[in-house]
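S.K.: The following comprises the amino acid sequence and a computationally predicted model.
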Amino acid sequence: GGGGGGGGSAADSLSMEVAVVEAEGAVAEPNCVLSIRAGPSRRQGPVQVNKHFQFPFGVKDAVPFKVDLLRQLCAGELECLPLDGIYSVPLTPAKGASDEAAPQMKLRVTSKPQWCGQSRSDLKV
C-alpha cells in the first residue's frame, strides 16, 4: 500500500497512466466504479486489477489528483430519437439500494452539430 511513486523522470513525460495494482474488500465488488480526476480530466471504469487509465498530460499537471469510488444506485436505458427532446429515464434500483422513494429522472438531449470535431476545451461550455 502507500502512495509513493516509482522512480525515474516519469513526471516529465507528456502523458500519464494510472493502473490498479490491488483491490480488496468493497472496492472489488462488481458494481464499484473507480473515478480518477487528474487535473482537468476524469476517467472512470470498473475496479479491476491491471485496469489502466490514460491521461493526456504528465504527472506534474495532474493537480488536483482525486480518487472516488462510486456505487450504482440505479440504472436505466432509453432510446434517444434523432430529435431534440426531454426524455424520462426508466430507473430500476440496483440490488441492495435503498427503497426510500421511486427513482425518477428526466434528461434534455439536444443535438449540437457545431460541436462535432472540437475538443472540450475549445467549446468553453
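M.R.: Cool, the structure landed. Numbers count the residues shown, from 1 in each chain.
S.K.: Tell me, how many residues neighbour Phe55?
M.R.: 20 (other C-beta atoms under 10 Å). Quick note: C-beta positions are derived from backbone N, CA and C, even for glycine.
S.K.: can you count the residues close to the nearest residue to it once chain neighbours are set aside?
M.R.: Spatial nearest neighbour of Phe55, chain neighbours left out: Met16 (4.3 Å); criterion: C-beta to C-beta, 6 or more residues apart in numbering. Met16: 21 surrounding residues under other C-beta under 10 Å.
S.K.: just the one 3 residues further on next, same as before
M.R.: Ala19 sits with 10 neighbouring residues when counted by other C-beta under 10 Å.
S.K.: Next: Arg108.
M.R.: Count around Arg108 with other C-beta under 10 Å applied: 8.
S.K.: Going by contacts, tell me the helices and strands next to whichever strand or helix holds it.
M.R.: Here Arg108 sits within strand 105-109, counting by DSSP states H and E. Packing partners of strand 105-109 (3 or more C-beta pairs under 8 Å, 6 or more residues apart in numbering; DSSP states H and E): strand 85-89.
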